[in-house]
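Q: here is the input, now give the coordinates:
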Amino acid sequence: MAEGEATIKAVSLVSGRSDSCTVKVQGGYVSPAESVKLSEKELTINVGEQASLTATVLPEDAVQSVEWSSSDDKIATVAGGVVTGKQDGTVTIKAKAENGVSATCKVKVKVPVASVTLNKTELFLEVGGSESLKAEVLPKEATDKKITWTTSDENIATVSSSGNVKGVKVGSATITATADGKSVTCTVKVGAVAESVVISAPQKKVAVGGTVTLTASVTPSDANQAIEWKSSDEKIATVVNGVVTGVKIGVCNITAKASGSSKEAVCKVIVTAPKVKLTKVKNVKKKSIQIKWKKIADVAGYQVSYGKKKKLTTANSIKIKKLKKKKKYAVKVRAYTVVDGKNVYGKWSKVKKVKIKK
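A: Down below sits the predicted model:
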């Protein structure tokens, strides 16, 4: 018998069926496999990723070829020692020698965390105050969604295992939330306990479509100076960083609140009518002027100025009589609303001049 390969074929004399087997003949003595050793006993990979395992058959002069198999091909497959993650779960990868001796590796396949987000990236606290941060891990089907919370300086701010942050002393610290190697941070600014909030004006007027700016400060000076602005009715007026925009005629409150505190100040905002647009100013018979303008919704009435005189009307037109012939009159109109029993006027229209000729 010589070294090499031969195929043994068996044929049935009755049915004619056959089968074959390839036989390898190696020169010299071949030791039987006593054990199989894998390069890893445990392995963790992500869905869609691959990792390689190496099998060593002992003793060294034993046949080194092994047969690879997975306990669940739906979770992970293996070919030539290359393991591919298919879906979340755990499987056993086996490498078996020709005589049945084998070794296994426990493989965990997981859905990795893609991102971690916080409900706030900046947090303002008073000394002794606290607030909970909320973290969201994506995708929702991620395997390891557990959040680990840490602080950059426990002397400034501490954080619990559930994300509750507490201010310790005045200063700044960074809170980090980590899941499966992905992290996100929030800057925490701890200030002295706020005593009061001072707003730039207790009352302001702004026309529909117009803007007015408010400012606010917190005392003492080492308290957090960040202000949270809020409108009591955004259908009437909105506010962003202290800039108030009139939306609709009416009255609302703009609140300036110290971030991380209950202290606040309020400004009463009256949204007045927009500027009136004159459509007609004409001298008519008998020393009169016919004045017309575009109607404005939600106003109580209009004030008409001609020369040195003024008149009120609820209509969007008026006829002014008994004027002086050959005299020129400057005409303008403004709308008004009633707040707390008093007329609140909007801006004057553009002035139109007319000379009495008739």
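Q: dihedrals phi and psi, the residue nearest the centre of the chain?
A: Nearest residue to the geometric centre of the chain (C-alpha atoms, centre = their mean): Asn119, 7.0 Å. Backbone geometry at Asn119, expressed as degrees, to the nearest 10, gives phi -70, psi -20.
Q: surely it is in contact with Glu131?
A: No. Judged on C-beta atoms under 8 Å, Asn119 makes no contact with Glu131 at a distance of 10.1 Å. Using the backbone N, CA and C atoms, a C-beta is placed for each residue, glycine as well.
Q: enumerate every residue touching the residue nearest to the centre of the chain.
A: Residues near Asn119 by C-beta atoms under 8 Å, 6 or more residues apart in numbering: Leu133, Lys134, Ala135, Glu136.
Q: which residues does the longest strand along the chain contact?
A: In the chain, assigned by DSSP state E, the strand with the most residues is strand 328-339. When contacts are defined by C-beta under 8 Å, 6+ apart, strand 328-339 is touched by residues 249-251, 270, 272-276, 278, 281, 289, 291, 293, 296, 298-307, 323, 343-356.
Q: flag every buried residue along it.
A: Neighbour counts over strand 328-339 (16 or more other C-beta atoms under 10 Å) mark Tyr329, Val331, Lys332, Val333, Arg334, Ala335, Tyr336, Thr337, Val339 as buried.
Q: show the subsequent helix or strand relative to that strand.
A: Using DSSP states H and E, the helix or strand that follows strand 328-339 in sequence is strand 342-345.
Q: how is this protein divided into domains?
A: Taking automatic domain parsing as the criterion, the chain consists of the domains 115-191, 196-272, 278-355.
Q: need the distance between the two termini of the longest one.
A: Okay, so that is domain 278-355. 17 Å (C-alpha to C-alpha, to the nearest Å).
Q: what is the subsequent helix or strand relative to the lowest-mean-pLDDT helix or strand in the chain?
A: Among the helical and strand segments of the chain, the one scoring lowest on mean pLDDT, DSSP states H and E is strand 18-25, with a mean of 72. From strand 18-25 onward toward the C-terminus, using DSSP H and E, the following helix or strand is strand 35-38.
Q: past that following strand, which element shows up next along the chain?
A: With elements assigned by DSSP H and E, the helix or strand that comes after strand 35-38 is strand 42-46.
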